[in-house]
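**Q** Curious how this folds, go ahead:
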Amino acid sequence: MKILQIRKEEEHELNIKLVAGSLLALMLGVAIGMPILTQNLVFGEPPKVYAEVVYAYFGLQPFSENVSGLYGRQVISYVFILNVTNLSNQPVIVNSFEVSAAKSIRFINATDGYINATEPIDFVWDNITQVRYMGKGGVGYGGSNGIVRRSEDFPEGNAYYWSSNASKLVALTGLVEISDLALDALRVGKIFVFSHVGGKVYEGRLSISGAYVIKGIELEIVQGREFVYNTLLKADQRLHIPSDGTGVFVSGS
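**A** Take a look at the predicted model:
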């Protein structure tokens, strides 16, 4: 009987050791696997990214009567240079860009998705920069007498990467027909520009929080046909713009 009791005690002690060993192995597995499970998770608020128009060019194109389809049309070429800055401590992918220019652009109060119809669309020009980070609440934006509105979405393979606190230049260029009112706004030389970028956290699905930026700019007018806003370049510097607009750099002293 004593021998049987001793064997039962030994079996019980062995079972305890096996259970303890299994728990220890499980804990070690979780501890080792945890960095793999959490390395792609981002906690807290989405990273903020700020994009501001630092250079703009509008050129009225002189088409002769020998140019089929374009003669007699009011067409401008345009160049917008955005300085895009990742304000967070996380790397991000920015692949959605939006920019506009108009006689009037402003933030508008909205309730449940409906714009307050009593708010005026036009307002007095000033050179103050306004910034919003849109949440679920009621803030929208709108404008009138638009000159250019352009958005660009780059495919996933052409995504543009920003490391923490990095700034890079992005160009949006093109050709567009404009109205008499839009051309008049250019010739007055005081307009508004709007900029916004979108994207996501690098190696994650969390969307970034791109700033919505509206500011009044004053244009330099060259012979009534070219209109330039420049806070980027010195007189002896030049812009170099690649075909996709995502690798802009400045040369010169």
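**Q** what's around residue 174, how many residues?
**A** Residue 174 has 12 neighbouring residues, counting by other Cβ atoms under 10 Å. Yep, even glycine has a C-beta here, placed from its N, CA and C like the rest.
**Q** Let's see the pLDDT reported for it.
**A** At residue 174, the model reports a pLDDT of 94.
**Q** Check which helix or strand it maps to.
**A** Using DSSP states H and E, residue 174 maps to strand 167-177.
**Q** Past that strand, which element shows up next along the chain?
**A** As assigned by DSSP H and E, the chain's next helix or strand after strand 167-177 is helix 180-188.
**Q** Give the other helices and strands that the longest strand along the chain contacts.
**A** Longest strand in the chain, counting residues (DSSP state E): strand 92-111. Here strand 92-111 touches strand 48-60, strand 75-86, strand 139-153, strand 160-162, strand 167-177, helix 180-188, strand 190-201, strand 212-218, going by 3 or more Cβ pairs under 8 Å, 6 or more residues apart in numbering; DSSP states H and E.
**Q** Report the angle between the strand holding residue 174 and strand 48-60.
**A** 40 degrees (axes from the mean of the first three to the mean of the last three Cα atoms, to 10 degrees).
**Q** Spatially central residue in this protein, please.
**A** Central residue of the chain (Cα atoms, centre = their mean): residue 197, 1.4 Å from the mean position.
**Q** Any buried residues in stretch 198-208, and which?
**A** Judged by neighbour count using 16 or more other Cβ atoms under 10 Å, the buried positions of stretch 198-208 are 198-202, 204, 206, 208.
**Q** Kindly export it (C-alpha atoms) in CSV.
**A** Extracted as CSV, the C-alpha positions of stretch 198-208 are listed here (Å, rounded to 0.1, in the frame of the first residue of the first chain):
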residue,chain,number,x,y,z
GLY,A,198,-4.4,61.8,-47.7
GLY,A,199,-2.7,58.5,-47.1
LYS,A,200,-2.0,56.0,-44.3
VAL,A,201,0.5,54.9,-41.7
TYR,A,202,3.4,53.0,-43.2
GLU,A,203,2.8,49.2,-42.7
GLY,A,204,-0.6,49.9,-41.2
ARG,A,205,-4.2,50.6,-42.2
LEU,A,206,-4.7,53.6,-40.1
SER,A,207,-5.4,56.7,-42.2
ILE,A,208,-3.3,59.8,-41.6
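**Q** List the contacts of it.
**A** With Cβ atoms under 8 Å, 6 or more residues apart in numbering as the test, stretch 198-208 has contacts from 39-42, 46-49, 90-96, 98, 159, 161, 197, 210.
**Q** Repeat the analysis, applying 7 Å as the threshold.
**A** Stretch 198-208 has contacts (Cβ atoms under 7 Å, 6 or more residues apart in numbering) with 40, 42, 46-47, 49, 90-96, 161, 210.
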